Each structure stands twice: as structure tokens, then as C-alpha cells.
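A.B. asks: Here you go, sequence then predicted model.
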Amino acid sequence: MSSESLEKGYEPSGIEEKWYRYWLEKGFFAAQDKSDQKAFSIVIPPPNVTGVLHMGHALNITIQDIMCRYRRLCGDNVLWMPGTDHAGIATQNVVEKNLANQGITRDQLGREKFVEAVWKWREESGGAIINQLKRLGASCDWDRERFTMDQGLSDAVRKVFVRLYRDGLIYQGQYIINWCPRCRTALADLEVDHEEHDSFLYYIRYPFEGSSGGKEGLVVATTRPETMFGDTAVAINPDDERYKSLTETKVRLPLTDRIIPVIKDGYVDTAFGTGALKVTPAHDPNDFNLGETHGLERIKVIDDDGIMTEQAGEKFKGLDRFECRKKAVKELEDLGLIVKTEPLKNSVGHCYRCKTVVEPSLSKQWFVKAGPLAKVAADAVRDGKTRIIPANWAKTYFDWLDNIQDWCISRQIWWGHRIPVWKCLECDQIMVEEVDPDKCSLCGSSDIVQESDVLDTWFSSALWPFSTMGWPEDTELLKTFYPTNVLVTGFDILFFWVARMMMMGTRFMGEIPFKDVYIHALVRDEHGKKMSKSKGNVIDPLKVIDEYGADAFRFTLAVFAAQGRDVRMSQERVEGYRHFVNKLWNAARFAMIHFKDDKENGDGHENASSLPANEMNLKCQDQDATPGGQIYKSDGCGGEADKIAVSQEPDGGINKTDSGNCCCSADCIASMESSCSITEKWILSRSCATAAAVRAGIENYRFNEAAGAIYQFIWHEFCDWYLEAAKPALYEKEGRARRIAVKTVLGKVLKDILLMLHPFMPFVTEEIWNALPMVTGSIMEARYPDCNITGQRFRNTDIEQQMSFVFDLVSSVRNIRGEMNIQPAMQLNVTFCTEDGEEQRLIRENSGLVKNLARLESLYLSETDSVPPSCATAVVKATTIYVSLKGVIDFEKEEQRLEKEIGKVTKELISVSKRLSNESFLDKAPDDVVEKVKEQQQMLQEKSDTLKSNLERIKKMKA
RNA sequence: GGGCGAAUAACUCAGUUGGUAGAGUGCAACCCUUACAAGGUUGAAGUCACAGGUUCGAGCCCUGUUUCGCCCA
């Protein structure tokens, strides 16, 4: 396949792989540790090593890639740091499951062998998601890929643990934590998902100590009767009227022989149940707190597997906790102690990894004292050191940090960073060390053991922005790229990860980890539902890429990534943007036909024309061997230096511009300005405006606006109007100078389009770029169209307004054609009447253009209102358009058309006039607004008058 | 229970200091016009959820209501 003749339809497969490989070979994604260029850095939110690419990743990666590619086009030294996290629980679960298939448990294997098995798994199938990110076109600096279990990152973890411990910010203690009986580990509060469940509220009578049956006692309400064996009190609110006269101080715990006290505490909610609360300090966090203040005993009745302990008594021990609930209720019913049962919706915690119902349980764990760290992290945002975008997420961030609970960081699993704490079995000395000790620091005994727990995965993820750059070493990379410019992530890990990175970054680097946090939307299905395997509404990004191409997919994500809104993804959307890719492709094909025309036409400048043709042939041949290989490396035409490569070319002194295949720089165009028509000036101006809009969109995280701007420009300005307008000149119907000028402008605008679009659609833009004869090298080496200094000189809003008048003339004629059902093949005769000198000039100068685009046989310009017979009419500004329809006019239809138009104008006119007759409007509204409305009124009035007189004329002719 | 957000054309969504509503898709009609039928031209279509308020003027600001979604407890 040669790029010389682009295929009729764009086929992404093959092309994407080709360019991705090429970029990697060329090292275009590599960051410089040290450079004079401006630095720009992002660390990737490390995907879970067990993960597979889903829509959330796709959006996240696409946004980051857009920013990184854009910054490279701006000439920045870009670091996009990739990697994965070791996902302790999830990974251990996966490997355990694999072992289970072979009939092996991890205990049979032993810790060391098991960890080896996990590493082996990670080598074989752990990095799958990394290759999937590459399919998207992610331009990460892959040579720097990191993993949270790497040596360097593990060193960082250990150092941080030891320092926090010595600073008194890490401690070990007996507290209620969330226990997953299936994973057999503690979980942090955040790792518990709460779900509404239909359950029952059981009202159970606890008889008074001295009572002999009957109805005496306190009735407690609970959703968890199985925990009653661990009750060590019943609590009531001292202000509760119902219990004001209560004299009993003890109750008998049913199904046991225990007597427990009645305590009073303002914590008890009088509105819930009966106002009497059973207190189970070992199995409920709030009860635990009550137990602390009242010095209650803690009795654990559910073990680490979710099975009832001996404490539950002979009848119940060994039962599963839910079985026990049923049995206990049955027994209580038999004893007549269940007063009533009512249905209740309550929120039940589940393990976020395996969905098992979490058991709040008393346990000895390691915690991070989060308060002091959280304050600094919150202040960094309050002080504006870090911006959260969109800003409303800052509130959520503050709410969490300001009410933060201590963070349980120990996990009873084997896969992860083992806690660097040792205990001497001789003297009980505790050692917390960066380097493994071999003997007790106190008594010198070598009988020491290391803590068996590992750290929460998020503990290591929290260090990601600096641990990946080499911390604790003081590396060049850190100096150049820390703090990073922006963190891009979904709000679902705002607490898990963002807040914790802020805590650790400020603590250990003394500086925030990122200047901006951009929180993007969640991707949902087309009906707004969260995608999940169980719902079966998951769309696989890889299948989407296979079917529509990565470019179309990425563009779709960008278009729908409006701030603060969820993205609803559906295949049809992607299909729509595949059409857009194809549109661009065909526009480029069209341009290519004209760029290479010289060779085939042999237009009398053999020497001149043979060079670019040869150049292209060489490039194309070469491309088959190594994609985008470069024969000529001329800096002049690379992009940034908008310079003409004239005298540098060894082509016998013949100016490349003469051939028509110059480098299409801004200077080239300036040199042939006299041959440019208003249409060329217009498209150059619009191209400038679009480049600025795309730049602003990307820099302000308004990716949908950037994508929208370029879509609109390419399709509806460049393709719909400019290419159509340029055709006569390109086919040399307006002379040679015109053809060369138009070709040059076409080349310049196409180049700029590719550059603006490249961050969104890297593959197709590179493919087209390499087919262009006027550039060398990769599009990744070029510079973004300069829209602030030299490039901006093409911006001309006067020209834009003039052109919009001309286009309106064309549209009006087309409208008449459409509404009157006149065949496209029929050539029309049109007269434009206007007394406005400027409008006359524009019509005169663009008569060829209008004739061509509106398909006119003849075009007349009349300075006075001379009405041709039998015609349909339209009004644009001060110009009346008469479309002669001698013999074919349908008076009825024309009458209806004019009436409809008059109706529209009248409606507007009424609203405008109403405002102008309102004195307080004239009085209080700003002058420029009033002036604008007045102008509007005048314009509408004139239009209305003209339309009405035309309607009268038609009515007369009809009669 | 606390917090956040959404409600705009048939559908999905834009709408950045308040100036009188836009796009894509879909729909209808016509057209294979020398890049593209994955296309072109034209057209129809909205009480901006509801009720108040501020203002000369509200899709936008304020208050309340309804419906839906999410987060936290």
C-alpha cells in the first residue's frame, strides 16, 4: 500500500499498529530527565494489575493522551509516567482461585512459595492492561513503567512507614475494623461498599433480672440478633420519657445465663425502635465507643471465618453467622421473647473486592493517624496550591478530610509490602526498621519475628507521584517534573487515592504532588446506568476499537467529556465519529489529488514539478519499509518554523513555490497574497480561530469544546464551504497563479487541521501527514499551529463577516431551490439588488463563487430595485435576491414560502420592538445593548417590508 | 438523615461573568454534482421540569416543590 493514493475509505486496522510501533521506535514518548524545554508531567492513575481495560480507563487515558500530545506539539518536555499497582487483595484472590483449580490452598503452599506464585502470575498475565492502553494510542514513556511492588517503590514504602511511625503517626491498636470473612483480612472504611438490603427489625424482650417471666423487661430492636451473645449492656437515653420511672438496673440476656447492666447514654437515638439499644462492643463500631466510655466487656462471638465462637454457647457455636441469626430468632420465638418483627431497609457493608457481607469486628491492627496529614492536604486546596476541577468536587474533598477517621493500613494477606516491624521473642522489644534487623536491638537475641501483615495497597499508591520518579533518591527527574502539572482521575477514587497522595506528597516532598486535579465523568451505558458485568451492559473498549478505530473512539470520548457530567457511551455515537474520520480522510484524498497534479499534468515546468513528485514517491516507497521514513530532513518545513525552504533545496535554483508544492508556510502564503481571494483569507482566518479555540479547550480542560470546535471547522467550514469554493481554482479555471495560491492555502490549512486534531486522533493524522508532499518527518515532531503571534496574522473578523454575507446569498438561493422543489440540475438565473455599496462590491467580486455554489446560469447585479418577472425572492441584509422562475414558478408555493418567512421575521420584530418601547429598558440597559437591538429592529423592519412587497407582487401575478 | 448533581428538540447533550436557545443523531423531501452515499442540499421540530422571587430583561441568579442519579452516614 502506498500513501500516494489514499484508499477511498479509511481503514484503521494495520495503520494504527504501524504508527504506534514507529512512535515507539523513534522514542517520541520519552521524556528528558533534564531539558531546557518547559516541563509538563502527568502520572497515570495506575490501573490494577489484575485489571482489564474498561470504559473508565479509556476516557481517563484519552484525556491524558490529548494533553500530553498537545504539549509535545507545543514543544514541551513531556513526562507521562505509566505503571500498575499490585492490588493486594484482588491479586491474591486471583492467584488463590487459580491454585484452587489445582486443588491447592495458599496455606499448603506456604507464604514464600505463594508470593513466588503471585510474581509468576504477574510475569505471565499481569501486564495485560498495559498493552490495552497502547491500543488506545497512549503515549506514555513506557521505558519508565513502574509497579508498586518494584524495589524502588518498596524502599519508598518502607521509608515512609518508618518515618511516620517514628513521628507518632502510625500506631497499633485493638479497634473495631471491617473484616471480610472470605478474604480473611481487615479492610479500610473506604473499602466497604454499602448497599440497601431488605431485612427485618426484630423486637426482642430482655427480661429484668428479678422478673419471673411474664411481660416484664426491656424490649430492644435489632437487625442482627446473632450478635446478642456478645451483648454486654442495654443502653437507654437518660432523657427518654418512656424510661424515666425505670428502676431496674439489670436484665437477663436471653439464650444465655448472663446478667447485663442497663446503662444510660445520650448517644442513644430515642426515635429508633424502642429507644432501648443492645450494646455489642466487639461487633459494632458505635457500640464499641459506648463500651469504651462505660467500661464494658468486649465479647467476640463471630470468628474470622464468620462462624459463631464458643462464646455463643453450646447450641450456637460453629454455626455460620446467618444460620445463627435464623436459629436464634426461632428459639426466641419459642420462648415468646420476640415481641414483633417488622421489615426494614438497611444499609449493609460489603467487601469491595468480593462482595461478602463485612463483619465489624474487634481486632488488633495498624493505623495511620490521619488528622494532621489531612489538615495539610485540605489546606493545600484551600490555599489554592492545588486546584480541583470542576471546583465543586473540592467540597466533597474537604468534607471527607475534615471528618477523617484513622486509616487502617494492615491487611492479613501475603501479597503486598510486609510491615517493617519486628518483635523480639525474648524481651518483647518492638523494632521498626528500614533495613531488616537480624537481632534484637535491646537484648541482642536473634529470636525475632517480623509482623506478618502487609500494607494496604493504597499506602503505596499514595506515594506514586514521587516514588515513581525515584524518591527517596534526589533525582533529576524529580527536580524536573515534581510537582506534576495535573492528575486526571474519576471521582470514585478522590478519597482512596487523591486525598492520600496529597497527604503523603505534602508530608514527604514538602510540596503538593500536582497543581491541578481534573475530575472527569464516569462512563455509563446509553441509558445512564453504571456499566457492570452483572447487568451485562458493559461495552468492551477493545471491541469498539476493533470495529471503529481508536481515533473515532477517542474523539467520541472527548466530545462527551463535558465537565461535571457523566458520559453515556453507545456504539452509534462512535459510528458517527467514524464518519468524521472518513470525512477528513476524503478531504485529504481530495487535496492530495491536487498536490500531485503537477507530475501528471506536466504543466511546462518539468524541473520544478518533478522534484516534489519525486520526493513524494521516495517517501512513499520508503514508507513501505519503515513507516514515515525520511528522505529529506528539511527543518524549514517541519511546522514550527513557518519558513519557506526555498534556497536550501538543491534543485537548480528553482523556487519550490513555482512548482506549487512549497512547504505551505505562513510566509509562502504571505508571498502570494495578491493571488488569494477573500475565500482564502476567510479559511485562513477561521483556521486561526479554530486553533485558538482548540488550544483554549485543551488548556482549560474543556475537551468537548475543543473537539466540537474542530469538528465544526473541518466538516462545516473546510469541507462544506472551502473545498467546494476552491474547486474551480484548483482545476485551473482561474489561471495558474490562482491555482498555486489556492493549493498553498489548502496545504497550510490541511496541515494545521492535522496538527489541531492530532491530540484527539493520533493515528489518522499521522497517516495523512506522511502522505503530504510538503512536510517531512512525523507529525509528532511538528509544532502546533501558532495562533498567538505569527499565525494570528491571518485572523480577520471583517473578512469573516463579509464571507458570511456571501454564503448567506448562496444559502438563500439553495433554500428557494429546495423549498420550490427545483431540480439540482436546473441552472438558475438570479438578480441581486442592493443599494449598499459594500454589498455590491462583495457580490461583484464573488460572482463566480456564488454562481458556482448556487448553480447559477447567470448572475446579475442591479443597483436599483428592478424586478424581473415570475421570480421567487429572498432577502439577505440589504440585498434582495430574485430567482427567475419563468415558466416553472408555483405561485401558491412561493406565496406560502414568503408568508412563512414573514411570519418568522414578524415574530422577531415584535419581540425586539417590545423591548425598545419599554422605557426602563432604554433607561437601564447598557448603551451597547440598546444600540444593538435598535440595529436589529431596523434590519428586521427592512427585511419585513421587502418580503411583504414581494408577497404582494406574487399575489398580483397569481391573480 | 447529610451532601452533590441532573431535568433544554423524538434521542443524546452543549449553552463560562443575565441580552431572548444551539449541535450531533434521528425524521421528511430531493440528489450517485469530477474527495466522501460512512456523502450533498433543504426542511420540520423546544411553555428550557413546576411554582414563586430578584431584574429593564432569567435556560442561567435566589426560594420552594416534583422526579431521577450519585456520594457519605
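C.D. replies: Structure's in. What do you need? Numbering: from 1, shown residues only, chains lettered A, B, ... in the order given.

A.B. asks: quick one: contacts for the residue of the stretch 201-350 of chain A found nearest RNA strand B?
C.D. replies: For the stretch 201-350 of chain A, the residue positioned closest to RNA strand B under CB to the nearest atom of the strand is A:Ser347, at a distance of 4.3 Å. (Each C-beta comes from the backbone N, C-alpha and C, glycine too.) A:Ser347 makes contacts with A:His194, A:Glu195, A:Glu196, A:His197, as judged by CB atoms under 8 Å, 6 or more residues apart in numbering.

A.B. asks: one more time with 6 Å
C.D. replies: A:Ser347 sits next to A:His194, A:Glu196 when contact means CB atoms under 6 Å, 6 or more residues apart in numbering.

A.B. asks: Report the beta-bridge partners for it.
C.D. replies: Counting by DSSP bridges, A:Ser347 is bridged to A:Glu196.

A.B. asks: Check the gap between it and A:Asp492 for me.
C.D. replies: Relative to A:Asp492, A:Ser347 is positioned 18 Å away (criterion: CB to CB, to the nearest Å).

A.B. asks: which parts of the host helix or strand of A:Ala377 are buried?
C.D. replies: A:Ala377 is located in helix A:370-382, with elements delineated by DSSP states H and E. Applying a neighbour-count criterion of 16 or more other CB atoms under 10 Å, one finds A:Ala370, A:Leu373, A:Ala374, A:Lys375, A:Ala377, A:Ala378, A:Ala380, A:Val381 buried in helix A:370-382.

A.B. asks: do the same with stretch A:915-934
C.D. replies: For stretch A:915-934, burial by neighbour count (16+ other CB under 10 Å) applies to A:Arg915, A:Val930, A:Val933.

A.B. asks: Now render those residues as TSV, adding distance to RNA strand B.
C.D. replies: Putting the buried residues of stretch A:915-934 into TSV (distance: CB to the nearest atom of the strand, whole Å) gives the following:
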residue	distance to RNA strand B
A:Arg915	5
A:Val930	8
A:Val933	8
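
A.B. asks: what's the nearest residue to the residue in the stretch 101-250 of chain A positioned nearest to RNA strand B if we skip its chain neighbours?
C.D. replies: Taking CB to the nearest atom of the strand as the measure, the stretch 101-250 of chain A has A:Asp189 as its residue closest to RNA strand B, at 5.0 Å. Counting by CB to CB, 6 or more residues apart in numbering, A:Asp189 lies nearest to A:Gln405, which is 5.9 Å off, once chain neighbours are set aside.

A.B. asks: Check the gap between the one you found and RNA strand B for me.
C.D. replies: Shown here: A:Gln405 relative to RNA strand B, a distance of 7 Å by CB to the nearest atom of the strand, to the nearest Å.

A.B. asks: before we move on, what about A:Leu940?
C.D. replies: From A:Leu940 across to RNA strand B, the span is 12 Å (CB to the nearest atom of the strand).

A.B. asks: For that residue, give me its contacts.
C.D. replies: By CB under 6 Å, 6+ apart, the contact set of A:Leu940 is A:Val905, A:Glu908, A:Leu909.

A.B. asks: Out of those, the closest to A:Gly837 would be?
C.D. replies: Nearest to A:Gly837 among those is A:Val905, at 24.6 Å by CB to CB.

A.B. asks: What is the neighbour count of the closest one?
C.D. replies: Residues contacting A:Val905 under the criterion other CB atoms under 10 Å number 21.

A.B. asks: How about the residues of the stretch 101-250 of chain A by RNA strand B?
C.D. replies: Where the stretch 101-250 of chain A comes near RNA strand B, counting by CB under 7 Å from any atom of the strand, the residues are A:Asp189, A:Leu190, A:Asp193, A:His194.

A.B. asks: Just among those, which is most surrounded?
C.D. replies: Ranked by neighbour count under the definition other CB under 10 Å, these are headed by A:Leu190 with 20 neighbours.

A.B. asks: could I get the helix holding A:Ala377 in PDB with only the CA atoms?
C.D. replies: Extracted in PDB, the C-alpha atoms of helix A:370-382 (Å, rounded to 0.1, in the frame of the first residue of the first chain):
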ATOM      1  CA  ALA A 370      -4.800  10.700  59.600                       C
ATOM      2  CA  GLY A 371      -5.900  14.000  61.200                       C
ATOM      3  CA  PRO A 372      -2.600  16.000  61.000                       C
ATOM      4  CA  LEU A 373      -1.900  14.800  57.500                       C
ATOM      5  CA  ALA A 374      -5.400  15.500  56.300                       C
ATOM      6  CA  LYS A 375      -5.300  19.100  57.600                       C
ATOM      7  CA  VAL A 376      -2.300  19.900  55.400                       C
ATOM      8  CA  ALA A 377      -3.800  18.200  52.400                       C
ATOM      9  CA  ALA A 378      -7.000  20.100  52.800                       C
ATOM     10  CA  ASP A 379      -5.200  23.400  53.300                       C
ATOM     11  CA  ALA A 380      -3.200  22.900  50.100                       C
ATOM     12  CA  VAL A 381      -6.500  23.100  48.200                       C
ATOM     13  CA  ARG A 382      -8.000  25.800  50.400                       C
END
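
A.B. asks: JSON lines for the contacts of A:Leu940, including pLDDT?
C.D. replies: As requested, the contacts of A:Leu940 are arranged in JSON lines below (pLDDT from 0 to 100):
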{"residue": "A:Val905", "pLDDT": "89"}
{"residue": "A:Glu908", "pLDDT": "86"}
{"residue": "A:Leu909", "pLDDT": "88"}
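
A.B. asks: Out of those, name the ones that lie in helices.
C.D. replies: In helices, judged by DSSP state H, the following of those are found: A:Val905, A:Glu908, A:Leu909.

A.B. asks: what about the last one, distance to RNA strand B?
C.D. replies: Applying CB to the nearest atom of the strand, one obtains 11 Å for the distance of A:Leu909 from RNA strand B.

A.B. asks: Report the secondary structure state of the closest residue to that residue other than its chain neighbours.
C.D. replies: Closest residue in space to A:Leu909, ignoring its immediate chain neighbours: A:Leu940 at 4.5 Å, by CB to CB, 6+ apart. Secondary structure assignment for A:Leu940 (DSSP: H, G, I helix; E, B strand; the rest coil): helix.

A.B. asks: Noted, bye for now.
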